[in-house]
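[1] Starting from these lines, generate the structure:
(chains A and B)
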Amino acid sequence: MAVASKSNRPGVDPITMSVLWNGLIGVSEEMGSTLRRTAFSEAVRDGDDFSTALFDRFGRLLSQGNFTPGHLGSMPFIMKTVMEYFPAETLKDGDAILGNDSEIGSGHYPDFFMVTPVFREGGIVAYTINIAHQCDVGGAVPGSQVIPGITEAFQEGLRILPIKIVAEGKFDQPLLRMILGNVRMPEKVGGDIRAQWNANFVGGERVNRLIDSLGLDEFDACVEAILNASEKRMRELISNIPDGTYSYDDVMDEAGPGTGAIPVCVDITVAGDTIAVDFSRSGDQVAAGMNSYINYTRAYAMFAIKVFADALLPQNDGVIRPISIHSRKGSFFNPKFPAPSSGRAVNQVRIFEVINGALAQVLPQKAMGAFSHWTNVNIGGIDERTGRPFVFYDVLFGGYGGRADKDGVEALAPIINCPNIPIEIQEAANPLLVRRCELIQDSSGAGKYRGGSGLRKDIELRTEAATLCPISDRHETAPYGIFGGLAGTKAETILNPDTQPVRIGSKEVRRLRKGDVVSFRLAGAGGYGDPKERPRAAIEADLREGHISLEAARRIYNYRPS
Amino acid sequence: MLRVAFDIGGTFTDFVLYDERAKRTRFWKVLSTPSEPSRGALAGLKELLASEGVPPSEITHVLHATTVAANAVIERKGSRVALVTTGGFRDIIVMGRQKRYDTYDVYLEMPKPLIERANVFEISERIDAQGEVVEALSEESVKAIVPGLKKSGCDAIAVCLLHSYANPAHERRVQEILSASLPGVPVTISADISPKIREYERASTTVANAYVQPIVRTYIGQLEARLSELSIRAPLSIMQSSGGLVTPALARRYPIRIVESGPAAGVLMCADVGRQEGRDHVLTFDMGGTTAKLGAADKGEPAVTSTFEIARERFREGSGLPLNVPSVELLEIGAGGGSIATVEMGVIRVGPESAGADPGPVCYGLGGKRATVTDANLVLGFLDPEYFNGGKMRLDSEGAAKAIEEQLANPLGISVLEAAWGIHRVANSNMERAMRVVSVERGRNPADYALVAFGGAGPLHGARLAKALNVPTLIIPAGAGVGSAVGLLAARSKIDVALTRFMEINENSSSQIADIYTELTSLALDDIKRLDVEPSKIIWSRYAYMRYRGQGHERKIDLPAGGIDKGYAARVVEIFNGEYRKNYGYLDPTSVIEAVDWYLVGSAAATQNSVSISLRGDGATASAPKTRDVYFPELGGATPCQVVNRYELKVGQKIVGPAIVEEKESTTVVLPGDVVALSPAGSLVVSISQKA
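    Residues are numbered from 1 along each chain as shown, chains lettered A, B, ... in the order given. From the prediction side, this is the model:
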């Protein structure tokens, strides 16, 4: 490889570099809007559950679109693996590589990655890559995501190690047929794979346009300068954190009835201008579909470190160079194949939270109380009005933890970032009636700055029978408070709360009958600082707005009405 | 026909007086009076009429755009609103759609709702998605909230119940009860303001309407009173966000529809100017002091979206309040003349932070200390320090150069001129990215479009932007600095009605579609009565939002005009298929086509041809040829460049760039190799050379 050209030549024109940097970010964004515009599935089009990026010919990340954080840390490793499977000399203009392996990719089979080499005058000058969440890849359940009862990855659907799905601009039809023959919604999956191809193609055209305006030598020189400037900034930011090892331990709920809680432990070592995050002390991998493969662990750990350094730094190879993420092989955060992992999204909040808990010791201004957590609800069955199957998919979000200078934000997607689904749309499409959807009074963790409230949503089944698959957490340990702030209330899920209440586990699969009401009550987020320091005016505002009751105000804040 | 148009903005109120017989146009500009906007506006109008010697009684049309509703929302200075909603759902407004507008910022604040949670009242009732009553309305529960409503001190009430788009009966009954119990407090129901599915967006629109209603009512009342004091008896028309005019009566009823009044008029102006120049497809580029607004008109009509967001943060999607209000399609970014330039990680960044108008750029000499885009444009020679705003303001070149030197050139180790050029280029690069979203990403090929640049800074940056996007023609309209007021002259009356009906569309759907449009027409006629237009003179158009059943997103599909006969639905299917294939490259014959939201638009037939702006009469006397040094990197740097006074240009006269064309409100930069000419309609038309 032409290593010589990687050296940082002095004399890069700062104006050209400014405009090119803008242009590189523009490429990733335009790839993203192409993908969103041409995709077929809701996850991609409404949920932004995808990401796009541009790599240079050496496999270094140049820019990434501002989409899901779930892929930030995994992209560079996908790129590396794909270059091992398909060295540059085996690729031709118009080729594209597809895969979805949990360990190589971003942690579960529904995430398809596609890598496309960008050619110029016969040689590769860059790679465009995107990852999109496909709506189904076969396996035990529609949507291919379930936690309990899954003991190995082979139950989770189709596994694709990197394959050349497009050769010189033509899709490999037999391969495509094989893939689509193994998924429940072949039209959507096929459409989204084509959208992934479109996005990479558009990205390649735009990169070539950028190189046109500069020439390849100047482009290379600017890229070096951009990566080096980014690395320098990240190292400066890390240097400002005092050296030392900072640890935090929490646990996650059991993976299914009787499986035991999962320890989540992190040790973060800051040494000079580097930072190392280690999850090795956490529990072992589990026989349930929620293990966090190392690329997934990397993605959210990297996201958390960036949030504590400078969340708005551009994402590129330079920024991630000083950060390393590690976990013991065989642990929950670095499992061995064939550990099942389809429901691994439940881990993202906790990965962030333990890093938050550890770094709170040295960066108190940036830390916050723990999130309310979130719940993913799947209810599937036959709609007796139409005789057709339905799959109800929902995401419930509560509040954020209290912060150094403000209360936690109410009712906002934590770490994961997608909009909720309007209740009217849900009821129009499914045999369900939402009975209530509201913030829970007295659920937030008290503090000088209180956490956000939990959310309650009650859903009634209006058809003969259906199956409930929830993915939730914080039933067994409450979201923590920090610096004297109190924990919020724990989450609970109650079947038929007004008739014959039955508590069900955070990930427990249940058969529902007509008229059953499932009441999801999310945990309250943790507080920040001693509740005694909470200003009277803030307590009164909470009383007026109904976030806390007078009884709670008296008990927790020692409030006396004047 | 003597028409006067005025646009009240945050800083200035712009006027255009247009005498159709004499083909004479007069621009006027006065400072706005934000505490009571109608006062400044009418004082300015009086001055203008006096200066032109026009008796007020001869005015035949008064056309108006205003930011009064938008400002009430942006500054959270509207009225105290209570929301009445279905029991169990009091947090619809507090929750919103729950997505961070910046994924990587977990410390952000979400927009503050227009109402307090304490002022949300729940009643007992429930309707389902099919419009069937699951739980009858408890009138007792409505009466029970009356004391609380009274105690809340609210001066407007919004009612939004679940699924009221499918069955408005409960909302209507609640409105009756509350109107009777709380006389004098306006009650807005969501089924009237926006009978569309999606409870948060519908509630947000309903609350916002109630929130601005008292302010807009007061404002229109004052305006009408002052117009009649001036003895102007011509009817007043107000611009809506959709680009159509309405009567004061309709603006009082649906005040939320006038929030984007001024920007909509700007896009109309661009569409009109494009038509005059024989260009039906235009991209619009309005660059002012703090932001740039980018839009488009296709086939001569401004692109309109059915929803938009007001009061965004950081110009991010999802950061504002959603409104189900038809609105011209505009993308706003933080790139204006006042945008601040900084050095970060060895590169130049521009915006979104802005010095605004106060303190403004360093060169204004009003206390601004941070280098801005306008400072760079001055240092580069694009602006004349002696002729800014027609010479009313002198610019401080030395101050600008010093700020750029200290803040950018020295840290980067480059010259002041290079740093200024860097600022200009990065600002252009930001706008290019946004314009690619408006054009390429929305299926518009820039090569088929002309770029219309206006606003104070638009003509300075237009040529580079056009070149970067391969747009072959740049148009700088006359009165680029008062573009929205000019746009009002080209506007027509228009009303939009909409409803939600989920419906499978196949060749047998014609009679169901006809039923929907019968219903929409009767809704529209109610509004048409308030429009001062003969119903027979209305031109109707229809569109619907459609998708394959099961998809989360709908596409806007224009439906055929004319009668809805047996074959109508088959034509709709054909149009949907064509649109779908065009955008996604394939069809899915196994899927069911479904329509969700239905629209009917009624516009008045055009009463006049395009407005030709003639600047004769405004022109200065011929002056000596001027040159100054202007920075063009393709010519090796600062180069002597001809400076042309726009008022002295003759129609058809061609000038080859490099050149600077100056007028009072703006300055146009013509790049080397490009050719500019004054068109018969009064616009500067620049042919952009496609050589790099």
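
[2] Can you name the residue of the stretch 101-250 of chain A nearest chain B?
    The stretch 101-250 of chain A approaches chain B most closely through A:Ala229 (4.2 Å), counting by C-beta to the nearest C-beta. For every residue, glycine as well, the C-beta is placed using N, CA and C.

[3] Please tell me how far the residue positioned nearest the centre of chain B sits from B:Met546.
    By C-alpha atoms, centre = their mean, chain B has its centre lying nearest to B:Pro263, at 3.1 Å. Look at B:Pro263 and B:Met546: by C-beta to C-beta, to the nearest Å, they are 28 Å apart.

[4] cool, and A:Glu464?
    A:Glu464 is 32 Å from B:Met546, where distance means C-beta to C-beta.

[5] Make sure A:Thr463 is indeed in a helix.
    No - with DSSP: H, G, I helix; E, B strand; the rest coil as the criterion, A:Thr463 is assigned coil and is not in a helix.

[6] which of A:Glu464 and B:Met546 has more neighbours?
    Comparing A:Glu464 with B:Met546 by other C-beta atoms under 10 Å in any protein chain shown, the one with more neighbours is B:Met546, at 26 against 13.

[7] So that one sits against B:Ile505, correct?
    Yes - counting by C-beta atoms under 8 Å, B:Met546 touches B:Ile505, with 6.7 Å between them.

[8] Need the three-state assignment for the residue nearest to the centre of chain B.
    Secondary structure, three-state DSSP: B:Pro263 is helix.

[9] Can you name the residues that contact it?
    Going by C-beta atoms under 8 Å, 6 or more residues apart in numbering or on different chains, B:Pro263 touches B:286, B:293, B:295, B:328, B:330, B:484.

[10] Inside strands: which ones of these?
    Counted as lying in strands by DSSP state E, out of those, are B:286, B:293, B:295, B:328, B:330.

[11] residues touching residue 102, list them.
    No chain in the question, so chain A it is. By C-beta under 8 Å, 6+ apart, A:Ser102 lies in contact with A:108-109, A:153, A:159, A:293, A:337, A:341.

[12] To clarify, I was referring to chain B.
    Taking C-beta under 8 Å, 6+ apart, one finds A:66, A:312, B:108, B:314, B:316, B:319 in contact with B:Asp102.

[13] Kindly provide the distance from it to A:Leu24.
    19 Å.

[14] residue in chain A nearest to chain B?
    Using C-beta to the nearest C-beta, the single residue of chain A nearest to chain B is A:Arg436, 3.1 Å away.

[15] That residue: neighbour count?
    Using other C-beta under 10 Å, A:Arg436 has 17 other residues around it.

[16] Got the domain ranges for chain B?
    Chain B breaks down into these structural domains: B:2-73+B:216-261, B:263-291+B:334-490+B:610-692, B:492-604 (assignment by automatic domain parsing).

[17] With distance to A:Asp267 and mean pLDDT added, can I get the ones you listed in CSV?
    CSV is the format used below for the domains of chain B (distance: least, C-beta to C-beta, whole Å; pLDDT from 0 to 100):
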stretch, distance to A:Asp267, mean pLDDT
domain B:2-73+B:216-261, 49, 89
domain B:263-291+B:334-490+B:610-692, 30, 89
domain B:492-604, 42, 86
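
[18] Include distance to A:Pro257 when you put the ones you listed into CSV, please.
    Formatted as CSV, those follow (distance: least, C-beta to C-beta, whole Å):
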stretch, distance to A:Pro257
domain B:2-73+B:216-261, 50
domain B:263-291+B:334-490+B:610-692, 48
domain B:492-604, 34
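
[19] Which among those is found nearest to A:Asp13?
    With C-beta to C-beta, the closest approach to A:Asp13 among the domains of chain B belongs to domain B:263-291+B:334-490+B:610-692: 8.1 Å.
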